[in-house]
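**Q** coords below, sequence missing:
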Ligand code: PEP
């Protein structure tokens, strides 16, 4: 059974007081959600405070990035072991904003993925095509390249600790969402790609959808057979919206979800 995971990517948002209010709001509503994993990904500067606020709750903590080294003269960067030491469980790797705005290439992303594994963190590898690539029929080629480059560097076994997030670039922060069918098609492809190398990893890996997921569209996306949760940007900054998405991921709310048993 793949346990649904709902992850909130807070990007470069939040003050100390906003982080406190958001975490308290999520904590208050998250009590009934034992059948799913909930994760928040604040900025680096809010991680320690978030860890304290999350306290004994089951909500997990993750970072949005890391540098692929353990320590050294890398001014301004943060290493995987530092994140693990702070109590992070997960780290985003290869978010499209990092690929595009910060020019992270396949080799750097693969090195970051490897560094996350070595630090004992669970990487959430983000993959996705641009609108132009989709329109030119290149979706499968792009996704395959983004995943294969990481498998080559880190090995397939590393994917036992990993999560994949399919995030069509054209749907991130745009209000456009892939239809459940469009998303399912790519998720099924990703699962098949991994299954060809290792059947067990293909079956058990969680594949999240990201790209303008919100309370209104979460149920139909999460109902798809190969969608195991969501990576949420904008809608994760409001506790009530985020909790509605968590509710939509609950197996009891979703008969198809129950069938996600291998
Ligand atoms: C994201 O940042 O990963 C994301 C999916 O953002 P949004 O939900 O705002 O599209």
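**A** Sure thing, it's come through. A quick note: this is a predicted structure, and the numbers were derived from the prediction, not measured. Numbers count the residues shown, from 1 in each chain.
**Q** Just the pLDDT for the residue lying closest to residue 206 once chain neighbours are set aside.
**A** Using Cβ to Cβ, 6 or more residues apart in numbering and skipping residues adjacent in sequence, the residue nearest residue 206 is residue 228, 4.1 Å away. Glycine gets a C-beta too; all of them are placed from N, C-alpha and C. Here the pLDDT value assigned to residue 228 is 98.
**Q** Check the spacing between residue 228 and residue 38 real quick.
**A** Residue 228 sits 14 Å away from residue 38, going by Cβ to Cβ, to the nearest Å.
**Q** Can you work out which residues contact both of the two?
**A** residue 5 (Cβ atoms under 8 Å, 6 or more residues apart in numbering).
**Q** before we move on, the earlier item: surely the residue nearest to residue 206 and residue 7 touch.
**A** No. At 11.1 Å, residue 228 and residue 7 do not qualify as touching, with contact defined as Cβ atoms under 8 Å.
**Q** list residues touching both of those two?
**A** Residues touching both residue 228 and residue 7 (Cβ under 8 Å, 6+ apart) are residue 208.
**Q** what's the following helix or strand after the helix or strand encompassing residue 29?
**A** Per DSSP states H and E, residue 29 falls inside helix 16-29. Later in the chain than helix 16-29, the nearest helix or strand by DSSP H and E is strand 37-41.
**Q** all helices for the stretch 101-250 of the chain, in order.
**A** Assigned by DSSP state H, counting those that start in this stretch, the helices in the stretch 101-250 of the chain fall at 106-118, 131-135, 139-154, 180-197, 199-204, 215-222, 239-249.
**Q** Which among those helices is found nearest to residue 14?
**A** Evaluated with Cβ to Cβ, the helices of the stretch 101-250 of the chain place helix 239-249 nearest to residue 14, the distance being 12.5 Å.
**Q** Work out the gap between the closest one and the centre of the chain.
**A** Put simply, helix 239-249 sits 16 Å off its chain's centre (Cα atoms, centre = their mean, to the nearest Å).
**Q** quick one: it near the ligand?
**A** No. With Cβ under 6 Å from any ligand atom as the criterion, the ligand is not reached by helix 239-249; the gap is at least 9.8 Å.
**Q** counting contacts, what elements does that helix pack onto?
**A** Where contact means 3 or more Cβ pairs under 8 Å, 6 or more residues apart in numbering; DSSP states H and E, helix 239-249 is packed against strand 5-9, helix 16-29, helix 215-222, strand 229-232.
**Q** and among these, the most buried is which?
**A** Among those, strand 229-232 has the highest mean neighbour count (mean count of other Cβ atoms under 10 Å), at a mean of 28.
**Q** Within the sheet, what are the partner strands of that strand, with directions?
**A** strand 5-9 (parallel), strand 206-210 (parallel) (DSSP bridges).
**Q** Ok, which of the ones you listed comes nearest the ligand?
**A** Of all the strands paired with strand 229-232, it is strand 206-210 that lies closest to the ligand, at 3.5 Å by Cβ to the nearest ligand atom.
**Q** could you give the mean pLDDT of that closest one?
**A** 98.
**Q** does the ligand sit close to it?
**A** Yes. Strand 206-210 is in contact with the ligand by Cβ under 6 Å from any ligand atom, via residue 210.
**Q** partner residues bridging residue 93?
**A** Counting by DSSP bridges, the residues bridging with residue 93 are residue 125.
**Q** burial measure for it, as a count.
**A** By other Cβ atoms under 10 Å, the residues close to residue 93 number 31.
**Q** Ends of stretch 38-45, what's the gap?
**A** One end of stretch 38-45 sits 20 Å from the other (Cα to Cα, to the nearest Å).
**Q** Now that stretch: buried residues?
**A** 38-43 (16 or more other Cβ atoms under 10 Å).
**Q** Ok, stretch 116-134 next?
**A** Those would be 116-117, 119, 121-130, 133-134, for stretch 116-134 by 16+ other Cβ under 10 Å.
**Q** wait, does it contact the ligand?
**A** No. With Cβ under 6 Å from any ligand atom as the criterion, the ligand is not reached by stretch 116-134; the gap is at least 6.8 Å.
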